[in-house]
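A.B. asks: Pasting the sequence and the predicted coordinates here, then a few questions.
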Amino acid sequence: MSTSLDDTAFDVLFRDARSQNKWLDKPVSEETLKELYDLMKWAPTSANCFPIRIVFAHSQAEKDRLSTMVMDGNIEKVRSAGAVAIMGYDTKFFDHLPELFPHDETARSWFADAPDVAEATAFRNSTLQGAYLMMAARSLGLDCGPLSGFDPAAVEAAYFPGGQITANFLCGLGYGDPEGLFGRSPRPDFDKFCSIL
């Protein structure tokens with residue numbers, strides 16, 4: 001059952017939400033990080049595959065370490081965020097399907113026997129889960145600053161050793177400083193990129 005949200009919620013989640021480039025010196029608690037995960041986990045993935053794996057760089061030491069693995073323009077964004085979610089995906093997510101999708105005992109084989117399908121499923125669904133995490137963060141009053149400019153091999157070696165988890169993207173979390181915002185970029189109207197058949 002779904003119910004419609006009001007305009008205030010739409011503003012918080014979409015219309016007024018911005019990608020943050022600068023952060024206020026205000027901490028994000030570990031409890032808040034756990035709370036946003038506990039919201040995100042309920043959103044759907046294909047066959048409940050749940051491929052995302054997240055490391056939260058929360059301490060200043062970890063944010064400083066992570067900042068050495070990003071492009072120059074992202075160093076301060078990482079260092080000054082309240083936390084940075086390092087989003088990865090488990091390439092063997094299907095090993096958890098007997099637990100996560102128990103009503104079909106064949107589910108693991110759908111992916112274990114089809115590596116290309118498994119890779120596409122893991123990437124697609126972990127990206128979707130990263131977006132869910134951002135929506136959960138915004139709903140809890142946090143701002144988000146997603147980042148793609150980083151060294152995946154260095155991040156994987158540091159935070160996902162063993163070669164099973166692939167880095168997807170980073171997302172700064174915290175309380176954004178309005179001074180770091182650019183002018184709002186335009187968004188296209190429906191008819192430009194959409195059609196109804």
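C.D. replies: On my side now, so go ahead.
A.B. asks: quick one: contacts for the residue sitting nearest the centre point of the chain?
C.D. replies: Geometric centre of the chain, nearest residue: G130, 2.4 Å, by CA atoms, centre = their mean. Contact analysis of G130 by CB atoms under 8 Å, 6 or more residues apart in numbering lists 52, 85, 87, 146, 168-169, 171. Any C-beta I mention is one placed from the backbone N, CA and C, and that applies to glycine too.
A.B. asks: Apply the buried test to those residues and list what passes.
C.D. replies: Listed as buried from the contacts of G130 are 52, 85, 87, 146, 168-169, 171; burial here means 16 or more other CB atoms under 10 Å.
A.B. asks: As a markdown table, these with secondary structure, pLDDT and distance to H103 would be great.
C.D. replies: Listed next are the buried ones among the contacts of G130 as a markdown table, based on DSSP: H, G, I helix; E, B strand; the rest coil; pLDDT from 0 to 100; distance: CB to CB, whole Å:
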| residue | secondary structure | pLDDT | distance to H103 |
| --- | --- | --- | --- |
| I52 | strand | 98 | 22 |
| A85 | strand | 98 | 31 |
| M87 | strand | 98 | 28 |
| P146 | strand | 97 | 34 |
| N168 | strand | 98 | 28 |
| F169 | strand | 98 | 32 |
| C171 | strand | 98 | 32 |
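A.B. asks: Show me the two of those that sit farthest apart.
C.D. replies: Pairwise distances across the buried ones among the contacts of G130 peak at 14.0 Å for I52 and P146 (criterion: CB to CB).
A.B. asks: how far out from the middle of the chain is stretch 162-177?
C.D. replies: Distance of stretch 162-177 from its chain centroid, counting by CA atoms, centre = their mean, to the nearest Å, is 6 Å.
A.B. asks: distance of the nearest residue to L140 once chain neighbours are set aside from Y132?
C.D. replies: Closest residue in space to L140, ignoring its immediate chain neighbours: L36 at 5.6 Å, by CB to CB, 6 or more residues apart in numbering. Between L36 and Y132 the computed distance is 10 Å (CB to CB, to the nearest Å).
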